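Asks: Pasting the sequence and the predicted coordinates here, then a few questions.
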Amino acid sequence: MSKPTVLVHGFLDTGYTPWWSLLRRNLRREGYDEDDIYTVNAERVPGLTVGSPRDYAEKVGAVVERAYDDGGEVDVIAHSMGGLKTRWYAEEMGGAGYIDSLVTLSTPHQGTETTRLALFTKGARDMLPSSKFLKQLNVDGLAEGVDYTAVWSRNDYAVRPNGRGSFPDEWTERYDARNLRAGPYGHLEMVARRSVFDTYSGFLGA
């Protein structure tokens with residue numbers, strides 16, 4: 001049996017959109033059982049996931065803990081704001097013990113200026129580099145016991161300036177964490193592209 005793996009979508013998205021089907025296909029091609037792939041859905045309709053990552057962290061935790069009960073320590077693959085939801089659960093809500101590895105795809109760990117286009121939403125405000133949410137999340141760094149991989153791209157139109165989807169260099173020295181630069185892919189391609197998957201798949205369950 002393959003290892004339980006949880007997929008976490010980001011801002012405006014759901015787990016039902018086509019790019020997630022492509023990621024699940026990539027996992028199955030690597031030998032994962034469909035029953036071991038779990039999906040977090042913060043909302044059921046695309047366009048409605050606009051709340052704070054903090055508000056969605058409990059939903060992430062519910063799925064992670066269910067996957068853990070079914071098969072032990074969990075790998076998480078999270079896109080965009082989904083990485084912040086998962087980090088909040090792991091680092092602020094005591095969820096790190098359920099997670100073996102966390103791979104984030106285009107997650108604005110250091111904030112992104114593009115969310116100024118949607119400041120009428122709490123989620124966008126919390127992803128600004130200067131937000132109270134990010135300051136609280138980042139003040140203590142990453143959780144011990146979790147293997148972190150941040151995958152980012154210079155062509156990501158949604159995470160700006162370049163490099164904000166990576167961890168600070170001092171974190172990769174202090175924690176079990178790494179930054180991986182993917183090819184010239186846009187924000188949603190980071191979920192769907194097989195070549196991106198191949199970049200990080202070796203760190204699942206590391």
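Replies: Arrived safely.
Asks: Give me the helices and strands touching the longest helix seen in the chain, please.
Replies: Longest helix in the chain, counting residues (DSSP state H): helix 53-71. In this structure, helix 53-71 packs against strand 5-8, strand 37-40, strand 74-79, helix 81-92, helix 122-126, with contacts taken as 3 or more CB pairs under 8 Å, 6 or more residues apart in numbering; DSSP states H and E. For every residue, glycine as well, the C-beta is placed using N, CA and C.
Asks: If we use 6 Å, what do you get?
Replies: strand 5-8, strand 37-40, strand 74-79, helix 81-92 (3 or more CB pairs under 6 Å, 6 or more residues apart in numbering; DSSP states H and E).
Asks: Let's have these in a markdown table, adding mean neighbour count.
Replies: Putting those into a markdown table (neighbours: other CB atoms under 10 Å) gives the following:
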| stretch | mean neighbour count |
| --- | --- |
| strand 5-8 | 26 |
| strand 37-40 | 19 |
| strand 74-79 | 27 |
| helix 81-92 | 27 |
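Asks: Can I get those in a markdown table including mean pLDDT and distance to residue 20?
Replies: As requested, the helices and strands packed on helix 53-71 are exported to a markdown table (pLDDT from 0 to 100; distance: least, CB to CB, whole Å):
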| stretch | mean pLDDT | distance to residue 20 |
| --- | --- | --- |
| strand 5-8 | 98 | 6 |
| strand 37-40 | 98 | 7 |
| strand 74-79 | 98 | 8 |
| helix 81-92 | 98 | 11 |
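Asks: Need these in CSV (columns: distance to residue 143).
Replies: Formatted as CSV, these follow (distance: least, CB to CB, whole Å):
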stretch, distance to residue 143
strand 5-8, 16
strand 37-40, 18
strand 74-79, 12
helix 81-92, 5
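Asks: orientation of the longest helix of the chain relative to helix 81-92 in degrees?
Replies: 80 degrees (axes from the mean of the first three to the mean of the last three CA atoms, to 10 degrees).
Asks: Flag every buried residue along helix 53-71.
Replies: 53-54, 56-57, 59-61, 63-65, 67-68, 71 (16 or more other CB atoms under 10 Å).
Asks: Likewise for stretch 94-106?
Replies: 95-96, 98-106.
Asks: In strands, which of the residues you listed appear?
Replies: 99-105 (DSSP state E).
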